[in-house]
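need the 3D shape of this:
(one chain, ligands or ions: 1)
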Amino acid sequence: MSEQKLYIAPADPNSRPLKSNIFEYARMTNAQLAPLFPFGKPGSLVASAAAFRSDGLEPGTFHHSNTVEEVAIIFGSNIPNFRVGSIQVGALEHDVTGPPAEYPPAYVVFCIVQRQSETGVQKERIAFHCEKCHNLMHEHHFDSSKWEGDLPILHTISGSEEAAVGFNQSDKVCSKCNHTNEEFPAWRWGWGEYVRRTEICRDAKQSFIEAAGK
Ligand SMILES: [Zn+2]
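Numbers count the residues shown, from 1 in each chain. Next up is the predicted model:
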């Protein structure tokens, strides 16, 4: 039997070691699924934070498809099926929602980890269905493999925002049962604000670089 030697590759100089406390991070971030670390190129393990509370409001529901697996680690919760310390691996196609409005104040802070594809397109799809008959109302496909520009955005966030805007700008009337659906409460998910603040910070950083160069 030959002896196989295993090596750990040296650290990538472009991915410096960082640590983050999910509770300290989740209280400051403005969006669900905000990456804890600024690294998301192909092959990266992207750990993102989400913090929900019911607050008597409907959280909104959408359907998500992803070509890479998402692993959820529950760090804090009072919801029975989100037991603290549990690790859950969902199906590649799954519904996404927050605690329902009728719950007593239900809260959860969790981390979703996904490993970006090494090569090729990483397909994601966000879809909204009729709340009454589940007929498909609106869908948006996007490629999440890209990690580009200064202060890159995880495309899951920008793609989800584009999907929500598309649905909310439609008439939301189901072609099958004629039900007029509620607007998706995108403000509770924060994706648009994350994208907007990224754009602000990109411009601000550029002005900083230009000023420093004078
Ligand atoms: Zn319907």
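
run through the neighbouring helices and strands of the top helix by length along the chain.
Secondary structure of the chain per DSSP state H: the longest helix is helix 191-212. Judged by 3 or more C-beta pairs under 8 Å, 6 or more residues apart in numbering; DSSP states H and E, helix 191-212 is in contact with helix 155-169. Glycine gets a C-beta too; all of them are placed from N, C-alpha and C.

okay, buried residues for the longest helix of the chain please.
The neighbour-count check on helix 191-212 (16 or more other C-beta atoms under 10 Å) flags Trp191, Gly192, Tyr194, Val195, Thr198 as buried.

next one: stretch 131-147
Those would be Glu131, Met137, His138, Glu139, His140, Phe142, Ser144, Ser145, Lys146, Trp147, for stretch 131-147 by 16+ other C-beta under 10 Å.

who's the third one bridged to?
Spelled out, that is His138. Beta-bridge partners for His138, by DSSP bridges, are Phe128.

do you know the pLDDT at it?
Looking at His138, its pLDDT is 97.

who in the protein is up against the ion?
Taking C-beta under 5 Å from the ion as the contact definition, the chain meets the ion at Cys130, Lys132, Cys133, Asn135, Cys174, Lys176, Cys177, His179.

could those residues go into TSV alongside secondary structure?
Shown next, in TSV, are these (DSSP: H, G, I helix; E, B strand; the rest coil):
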residue	secondary structure
Cys130	coil
Lys132	coil
Cys133	coil
Asn135	coil
Cys174	coil
Lys176	coil
Cys177	coil
His179	coil
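
JSON lines please, covering those and showing distance to Arg27.
Below are the residues of the chain next to the ion laid out as JSON lines (distance: C-beta to C-beta, whole Å):
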{"residue": "Cys130", "distance to Arg27": "35"}
{"residue": "Lys132", "distance to Arg27": "36"}
{"residue": "Cys133", "distance to Arg27": "39"}
{"residue": "Asn135", "distance to Arg27": "38"}
{"residue": "Cys174", "distance to Arg27": "38"}
{"residue": "Lys176", "distance to Arg27": "42"}
{"residue": "Cys177", "distance to Arg27": "41"}
{"residue": "His179", "distance to Arg27": "37"}
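
centroid residue for this structure?
Nearest to the mean C-alpha position of the chain, counting by C-alpha atoms, centre = their mean, stands Leu33 at 3.3 Å.

just give me the neighbour total for the residue nearest to that residue when sequence neighbours are not counted.
Distances taken as C-beta to C-beta, 6 or more residues apart in numbering put Ser48 closest to Leu33, at 4.5 Å, once the chain neighbours are dropped. Ser48: 25 surrounding residues under other C-beta atoms under 10 Å.

helices and strands around the host helix or strand of Ser48, which ones?
Assigned by DSSP states H and E, Ser48 belongs to strand 45-53. Contact partners of strand 45-53 among helices and strands, from 3+ C-beta pairs under 8 Å, 6+ apart: helix 22-26, strand 34-35, strand 107-115.
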